[in-house]
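> Got a sequence here, can you build the structure:
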Amino acid sequence: MMDCPPALRDDAMLTVLRGERVTPPPMWLMRQAGRYLPEYRELRAEKGGFLELVHDSQAACEVTLQPLRRFDFDAAILFSDILVIPHAMGQDLWFEAGEGPRLAPRLAETALETLTPAPERLEPVYATIRLLKQSMPSGRALLGFAGSPWTVATYMVDGQGSKDHGAARRMAYTQRDRFAALIDAIVDATADYLIKQVEAGVDAVQLFDSWAGSLAPDEFERWVIAPNRAIVDRVRASCPGVPVIGFPKGAGAKLLAYALGVQPDVIGLDETVDPVWANAVLPEKMVVQGNLDPLLLIAGGDALNARIDAIRAAFPTRPHIFNLGHGILPDTPIAHVEQLVRRVRLDEGSNGVGAA
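All right, here's what the predicted structure looks like:
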C-alpha cells in the first residue's frame with residue numbers, strides 16, 4: 001500500500017465527497033481553467049500553446065489557480081489533458097491549430113507492442129500537483145483526473161477525435177482480443193497515474209468517460225463499466241478513503257448500471273440527464289455532481305437562474321456538488337459565471353454543513 005494523504009480537511013467540497021450534505025452545495029466547473037479567461041489566453045500565448053502549458057509545471061499551477069482567484073470555487077482541478085496517458089504509453093502527441101489533438105502512430109494500423117513506453121512524460125504533472133499543494137487556498141480541494149479507458153482508446157486507435165468513434169468500435173467488434181489488450185494496458189497506466197497523483201497531493205480524482213454514450217449496452221458493460229471498476233478498485237486498494245468521481249457522459253439510461261457496476265463515490269451527470277430521475281433511481285447514499293447545460297451558462301439571464309434552482313431542488317436530501325454537464329465553453333461570458341456562483345450560493349450563511 002502506498003503512502004496516502006492525511007485525513008480529509010473539513011471543508012465543503014471534501015465533506016460532500018465523503019457523503020455528507022452541505023447547503024448550499026459546493027461547486028466547481030469542468031474546464032474551469034481555460035479559454036474563457038483572459039488571463040489564461042495571455043499565459044497560453046506567452047508559452048506558445050496548450051501542451052507547452054501542460055508541460056510547464058509553474059505555468060500549469062498558475063492556470064489551475066486562476067479560476068479560484070476569480071470565482072472562489074470550492075475545488076481546483078489539475079490543469080492537464082486526458083491524452084497524457086497515450087503520450088506516456090509511447091504515442092507522439094501534438095495539437096493541430098483549430099483541429100484538436102493528434103496521436104501517432106494510429107493503433108488502427110500499428111501494434112501497441114511496438115510503442116516504447118515513456119512514463120517520464122508524466123513527471124511534469126506530478127510536479128504541478130506538488131506546487132499546487134503549496135499554493136492552494138485554505139479549505140479548497142484539489143482534484144486530479146484521468147480519461148477513462150474507452151475514451152482514451154478511441155483517440156489511440158484513430159489518432160484523433162471523431163464523431164462516431166468508428167475506428168475503435170470496429171476494432172472492438174472485429175479484433176476483440178487486441179482491443180481488450182489495449183483497454184487492459186490503459187487500465188494499468190491510468191490506475192498507476194491516479195495513484196501517483198494522490199501521492200503527489202490531490203484530494204480526489206475524476207474519471208472522464210467523455211464518449212461513453214457511443215456504445216451499445218453490452219459493449220458499455222465491457223468497455224466502460226468493467227475497466228472503470230478495475231481502476232476504482234486499484235485506487236481504493238492503494239489509497240483507501242480517496243474519493244473517486246465517475247463521469248460517464250452520454251450514459252443516459254445506462255447511468256444506474258454504471259453507478260452499480262463501477263461504484264464511484266460520486267457520479268457526474270451530463271446535461272441530458274433529468275436530475276429528478278437521477279435522484280429517484282441512483283443508490284440512496286451516492287453523491288451526485290452536475291448538471292447545468294454549458295450553453296445555458298452562455299445564455300445567462302432568468303433562464304440560467306431558473307435552471308440552477310431546478311437542479312438544486314432535484315436533490316432535496318442527497319449530497320450534491322454543483323457543476324456543469326460538460327466543460328465550460330470558450331465563449332462563456334465571465335459575468336454569467338459570476339451570476340452562477342451568486343445563484344448557487346444564494347442561501348449561504350442561512351444554513352451550513354449538514355443542513356438538509
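
> Next up, the contacts around the closest residue to Pro26 other than its chain neighbours.
Spatial nearest neighbour of Pro26, chain neighbours left out: Asp74 (3.6 Å); criterion: C-beta to C-beta, 6 or more residues apart in numbering. Bear in mind the C-beta positions are built from the backbone N, C-alpha and C, glycine included. Asp74 is in contact with Asp11, Ala12, Met13, Pro26, Met27, Trp28, Arg140, Ala141, counting by C-beta atoms under 8 Å, 6 or more residues apart in numbering.

> do Gly19 as well
Contacts of Gly19 by C-beta under 8 Å, 6+ apart are Asp265, Lys285, Val287, Pro319.

> any low-confidence regions in the stretch 201-350 of the chain?
For the stretch 201-350 of the chain, the stretches flagged by pLDDT under 70 are 347-350.

> From the contacts of Gly19, pick the one nearest Phe220.
Asp265 (20.7 Å; C-beta to C-beta).

> which non-adjacent residue is nearest the closest one?
Pro243 (4.2 Å).

> I'd say the one you found and Ile267 touch.
No. Using C-beta atoms under 8 Å, Pro243 makes no contact with Ile267, being 11.6 Å away.

> All the strands of the stretch 251-356 of the chain, residue numbers only.
Along the stretch 251-356 of the chain, counting by DSSP state E, counting those that start in this stretch, strands occupy 266-268, 287-292, 320-324.

> just checking, what packs against the last one?
When contacts are defined as 3 or more C-beta pairs under 8 Å, 6 or more residues apart in numbering; DSSP states H and E, strand 320-324 sits against helix 12-17, strand 287-292, helix 301-313.

> coming back round to it: if any of the contacts of Gly19 are buried, put those into a PyMOL selection.
Those of the contacts of Gly19 that count as buried under 16 or more other C-beta atoms under 10 Å are selected in PyMOL with:
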select buried, resi 265+287+319
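
> Just send the contacts of Gly19 back as TSV, with distance to Ala167 too.
Formatted as TSV, those follow (distance: C-beta to C-beta, whole Å):
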residue	distance to Ala167
Asp265	33
Lys285	39
Val287	35
Pro319	39
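
> what's the closest of the contacts of Gly19 to Pro38?
Val287 (33.4 Å).

> Regarding Leu29, what is its secondary structure?
At Leu29, secondary structure determined by DSSP: H, G, I helix; E, B strand; the rest coil is coil.

> Next, count neighbours for the nearest residue to Leu122 once chain neighbours are set aside.
Excluding the flanking residues, the one nearest Leu122 by C-beta to C-beta, 6+ apart is Ala88, at 5.0 Å. Residues within reach of Ala88, counting by other C-beta atoms under 10 Å, total 20.

> For Ala88, give me the pLDDT.
The model reports Ala88 with a pLDDT of 98.

> Then Ala7?
39.

> thinking again about what came up before, of all the strands of the stretch 251-356 of the chain, which one is nearest Lys196?
Of these, the one closest to Lys196 (C-beta to C-beta) turns out to be strand 266-268, at 21.1 Å.

> Adjacent strands (with direction) for the closest one?
Here strand 266-268 is paired, per DSSP bridges, with strand 244-248 (parallel), strand 287-292 (parallel).

> Can you check what angle separates the first one from strand 320-324?
Think strand 244-248. 40 degrees (axes from the mean of the first three to the mean of the last three C-alpha atoms, to 10 degrees).

> And for strand 244-248, what's in contact with it?
Residues contacting strand 244-248 (C-beta under 8 Å, 6+ apart): 17, 143, 148, 204-210, 212-213, 224, 228, 232, 235-236, 254-255, 258-259, 262, 264-268, 270, 289.

> List buried residues within the residues you listed.
17, 143, 148, 204-210, 212-213, 224, 228, 232, 235, 254-255, 258-259, 262, 264-268, 270, 289.
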